[in-house]
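Enquirer: take this sequence and fold it.
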Amino acid sequence: MATITLHDEQPITATCVPNIFIDEYMTQANGEYVKIYLYLLRSINRSDRSFSLSDIADHFDCTERDILRALKYWEKRHLFRLEYDEDGSLSAICFVTDAGHEDPIVSEKSTADAGPVKAADRFVAAAPGHTSPSESSLEEFCGKEDVRELVFITEQYLGRTLNQSDLSTIFFWYDELHFPTELIEYLIENCVASGHTSLRYMQRIAEDYAARDIHTVDEARVFTNQTSAVYYAVMKAFGIRGRNLVPSETNYLTTWTGKFGFSAEMISEACTRTIDAIHEQSFGYANSILEKWYKQGIHTLEEVKEADASFQQARQNQRAAAGGSGNRFLNFTQRDNDYEEIQNRLIQKSFTSDNETSCP
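Expert: I've put the predicted structure just below:
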């Protein structure tokens, strides 16, 4: 097993958990992923930073694949950078500095100490993975009356003052995704109403809007209603209670409604058939059903019924063909006898025999 070294871009003298991790990253992550992140954060301060995946897996009593999934999750969130050797094996894990997301508590304190500032002065970095906006662009953006109103409304929704990262993200939606302020306000309002106040979560929704070419409130509302109907249809069909769907499960919903283009009733039917077939919740099994329908061009319940009927008829034909050619118990010519006539003949014969016997 290859040895993996752990290093960072900035020395840490204590096991400190960044506020941004608690405020934004941790709320959306799987609990097991959080534990692994904290474990590695603690390990960075040890004298011996070398270990293997099996060491971590043994520590958490899980598989190496579980550890890799956690590492790749945090890499996608730009908290880790995974490094590989020439053989493609994981050789190092680097804690990276996310310069685009300043600690919100620190930034708010700094703003307060510095006294009143203009909204544009609070912009430091752009949305994740994007370059910082220019000062002139920010000035122009923040000078718009509808933007000032949007910032005010957003702060009311979130119950706090927007920090630099928040404002940069909103600017990205406006400037690069070309969302009107009405759509941005709807996006934020809808996310807050569903219990999601993280701008990182809203960023994913915004990217989904852009991928689906949604640029008006009406289009967004139609999409929200469709996804909500699918969400609750799946929850009901699978009998899920007491929890929300996790990201890996909602990703399936995105595929079913986006790539496959299925309605809520079709998705519900696939989930119901999954329970009937294997007696448990399985998004993977339901996905195999929907993928098969998608490849067959089946998109309505009526077409599903027709496909079922055709399948049953094909099975009957197959059984009949197998029975007629290979089953010796069925492979004979049926006799065309009138059993009632035979019975009458036997009765008549018996009656005639009795009469002949009784004659002197």
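Enquirer: quick check: residue 15 touching residue 42?
Expert: Yes. With contact defined as Cβ atoms under 8 Å, residue 15 counts as touching residue 42 (5.0 Å). Every C-beta, even on glycine, is put in place using the N, C-alpha and C of the backbone.
Enquirer: thought residue 178 was touching residue 216?
Expert: No. Using Cβ under 8 Å, residue 178 is not in contact with residue 216; the gap is 11.4 Å.
Enquirer: and the longest helix for this protein?
Expert: Taking DSSP state H as the criterion, the chain has its longest helix at helix 301-326.
Enquirer: name the SS class of residue 81, please.
Expert: Of the three states, residue 81 takes strand according to DSSP: H, G, I helix; E, B strand; the rest coil.
Enquirer: so who does it touch?
Expert: 75, 93, 94, 96 (Cβ atoms under 8 Å, 6 or more residues apart in numbering).
Enquirer: separation between the second one and residue 69?
Expert: So that's residue 93. According to Cβ to Cβ, to the nearest Å, residue 93 and residue 69 sit 14 Å apart.
Enquirer: show me which of those two is the more surrounded one.
Expert: Set side by side, residue 93 and residue 69 show more neighbours around residue 93, with 22 against 16, by other Cβ atoms under 10 Å.
Enquirer: circling back: which of residue 178 and residue 216 has more residues huddled nearby?
Expert: Of the pair residue 178 and residue 216, residue 216 is the one with more neighbours under other Cβ under 10 Å, namely 13 against 10.
Enquirer: and residue 64, how far is that from residue 70?
Expert: Distance from residue 64 to residue 70, by Cβ to Cβ: 11 Å.
Enquirer: do residue 229 as well
Expert: Separation of residue 229 from residue 70 (Cβ to Cβ) stands at 33 Å.
Enquirer: and the two? which has more neighbours close in?
Expert: residue 70 (24 against 16).
Enquirer: tell me which element the more buried one is part of?
Expert: In this assignment (DSSP states H and E), residue 70 forms part of helix 64-76.
Enquirer: tell me the buried residues in whatever helix or strand residue 187 lives in?
Expert: Element membership for residue 187 (DSSP H and E) is helix 181-193. Across helix 181-193, burial judged by 16 or more other Cβ atoms under 10 Å covers 181, 183, 184, 185, 186, 187, 188, 190, 191, 192.
Enquirer: wait, residue 28 touches residue 201, no?
Expert: Yes. Taking Cβ under 8 Å as the definition, residue 28 is a contact partner of residue 201 at 6.2 Å.
Enquirer: three-state assignment of the residue nearest the centre of the chain?
Expert: By Cα atoms, centre = their mean, the chain has its centre lying nearest to residue 251, at 2.0 Å. Following three-state DSSP, we place residue 251 in the helix state.
Enquirer: only C-alpha atoms, please: export the helix holding residue 70 in PDB.
Expert: Backbone C-alpha positions of helix 64-76 (Å, rounded to 0.1, in the frame of the first residue of the first chain) are rendered in PDB as follows:
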ATOM      1  CA  GLU A  64     -10.800   2.700   1.700                       C
ATOM      2  CA  ARG A  65     -13.400   3.500  -0.900                       C
ATOM      3  CA  ASP A  66     -15.500   5.400   1.700                       C
ATOM      4  CA  ILE A  67     -12.400   7.400   2.600                       C
ATOM      5  CA  LEU A  68     -11.700   8.200  -1.100                       C
ATOM      6  CA  ARG A  69     -15.300   9.300  -1.600                       C
ATOM      7  CA  ALA A  70     -14.900  11.800   1.300                       C
ATOM      8  CA  LEU A  71     -11.600  13.100   0.000                       C
ATOM      9  CA  LYS A  72     -13.000  13.600  -3.500                       C
ATOM     10  CA  TYR A  73     -16.000  15.300  -2.100                       C
ATOM     11  CA  TRP A  74     -13.800  17.900  -0.300                       C
ATOM     12  CA  GLU A  75     -11.700  18.300  -3.300                       C
ATOM     13  CA  LYS A  76     -14.700  19.300  -5.300                       C
END
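Enquirer: which helices and strands sit right next to that helix?
Expert: If contacts are counted by 3 or more Cβ pairs under 8 Å, 6 or more residues apart in numbering; DSSP states H and E, helix 64-76 sits against helix 31-43, helix 53-60, strand 80-84, strand 90-95.
Enquirer: where in this structure is pLDDT low?
Expert: The chain contains residues with pLDDT under 70 at 1-2, 6-14, 45-49, 97-143, 164-165, 323-360.
Enquirer: just the strands in the stretch 151-300 of the chain please.
Expert: Assigned strands in the stretch 151-300 of the chain: none (criterion: DSSP state E, counting those that start in this stretch).
Enquirer: where exactly do the helices run in it?
Expert: Taking DSSP state H, counting those that start in this stretch as the criterion, the stretch 151-300 of the chain carries its helices at 164-175, 181-193, 199-211, 217-238, 247-254, 264-278, 283-296.
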